[in-house]
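K.L.:
Okay, here's the prediction I keep looking at, along with the sequence it came from:
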Amino acid sequence: PLVTSKAMLEDAYRHHYAVVGFAIHNLEVMKAVTEAAEELETPVIFQTTPRTIHYVGLDYMVSMAKVAAQSAKVPIALHLDHGDSMETVVRCLRAGYTSLMIDGSHLPFEENVALVKRVVEIAHAVGVPVEAELGTIGGAEEEGSIDEAEAAYTDPALAEEFVARTGIDFLAPAFGTAHGVYKGEPQLDFARLQAISRRVAIPLVMHGASGVPDEGVRRSVQCGVSKVNISTELKLPFAEALRDYLLAHPNEADPRRYFLTAREAVKQAAKRKILLAQQSKGE
Ligand code: 13P
Ligand code: ZN
Ligand code: NA
């Protein structure tokens, strides 16, 4: 069934594991992620950025997600990732999204608070939970905008004020992760993450989780992360498997064949991340 992300993330928060939010770019990836979640009997979140919505089409995305969720044996939420404006938020709500992120992290603090507050009022009126970001997460969710070095870590006291004033359901803090692949090993500030978690007492979201070593994801979950966002580590296996297949079969023109290995590679990658995010459960 298609559900909101509220209950699934609160269960994850209470039991110290995380649900994975996977970036969904097309039908093949959606099916692969759904199969992965069903085989592991775990809830899952489909995530789309505004740019993906532009690419796929809003109604196509919602329709596909509804069909996938209706027949799935696990709860699925459809989430707007890095929502860029009130317009996008309202369009997604109206179309049937069950979870939202509004990203005002580039704005001055007071403007971020004001924007997020408005989104929370509207989304909560129709029972949809809201995630927001404070601080600056490195890399670019969509191609080069923020330098890793520029990333500003989230201040725990400010995080507490931000959550109290906005009424958000989930907080995405900046603690050293970046979107995309890392140049070296990422330096994550677990003490800061834990301090933020203690102060805000709501589920935290880890952005930029692709490229973080397993141990880093595990520790982040132990420090209060209840949603782990994965995009790049699905994009890469999809592209690699597809490229390999087409190079090995230069005359193959049937998408029902050449997408199969890519789909399988995404499914296996998704299963590995789901298992990793679940690992701390019950501790
Ligand atoms: P990665 O591309 O590093 O997995 O980041 C995903 C993300 O944070 C999506 O919001
Ligand atoms: Zn992100
Ligand atoms: Na990353």
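P.N.:
Ah, there it is. Ligands and ions are numbered 1, 2, ... in the order given.

K.L.:
Could you report the pLDDT at residue 177?
P.N.:
With respect to pLDDT, residue 177 has a value of 96.

K.L.:
Hmm, residue 208 and it touching each other?
P.N.:
Yes - under the criterion of C-beta atoms under 8 Å, residue 177 makes contact with residue 208 at 3.7 Å. Heads up, the C-betas are built off the backbone N, CA and C, glycines and all.

K.L.:
shared neighbours, these two?
P.N.:
Residues touching both residue 177 and residue 208 (C-beta atoms under 8 Å, 6 or more residues apart in numbering): 137, 138.

K.L.:
Contacts for the helix or strand containing residue 277 next, please.
P.N.:
Counting by DSSP states H and E, the element that carries residue 277 is helix 260-278. Under the contact criterion C-beta under 8 Å, 6+ apart, helix 260-278 has outside partners 17-20, 22, 28-29, 31-33, 35-37, 39-40, 42, 44, 209, 214, 217-218, 221, 228, 230, 233-234, 237-242, 244-245.

K.L.:
now, which of these lie within helices?
P.N.:
28-29, 31-33, 35-37, 39, 214, 217-218, 221, 233-234, 237-242, 244-245 (DSSP state H).

K.L.:
that older thread, counting neighbours, which of the contacts of helix 260-278 end up buried?
P.N.:
Listed as buried from those are 17-20, 22, 28-29, 31-33, 35-37, 42, 44, 209, 217-218, 221, 228, 230, 233-234, 237-238, 241-242, 245; burial here means 16 or more other C-beta atoms under 10 Å.

K.L.:
hmm, back to that, buried ones in the helix holding residue 277?
P.N.:
261-263, 265-267, 269-271, 273-274, 276-278.

K.L.:
Export those to JSON lines and append columns for pLDDT and distance to ligand 3.
P.N.:
Below are these laid out as JSON lines (pLDDT from 0 to 100; distance: C-beta to the ion, whole Å):
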{"residue": "261", "pLDDT": "98", "distance to ligand 3": "24"}
{"residue": "262", "pLDDT": "98", "distance to ligand 3": "21"}
{"residue": "263", "pLDDT": "98", "distance to ligand 3": "22"}
{"residue": "265", "pLDDT": "98", "distance to ligand 3": "18"}
{"residue": "266", "pLDDT": "99", "distance to ligand 3": "17"}
{"residue": "267", "pLDDT": "98", "distance to ligand 3": "20"}
{"residue": "269", "pLDDT": "98", "distance to ligand 3": "14"}
{"residue": "270", "pLDDT": "99", "distance to ligand 3": "16"}
{"residue": "271", "pLDDT": "98", "distance to ligand 3": "19"}
{"residue": "273", "pLDDT": "98", "distance to ligand 3": "12"}
{"residue": "274", "pLDDT": "98", "distance to ligand 3": "17"}
{"residue": "276", "pLDDT": "98", "distance to ligand 3": "14"}
{"residue": "277", "pLDDT": "98", "distance to ligand 3": "15"}
{"residue": "278", "pLDDT": "94", "distance to ligand 3": "20"}
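
K.L.:
so residue 231 touches residue 23, yeah?
P.N.:
Yes - counting by C-beta under 8 Å, residue 23 is a contact partner of residue 231 at 3.6 Å.

K.L.:
who's more crowded, the two?
P.N.:
Higher neighbour count among residue 231 and residue 23: residue 231, with 24 against 21, using other C-beta atoms under 10 Å.
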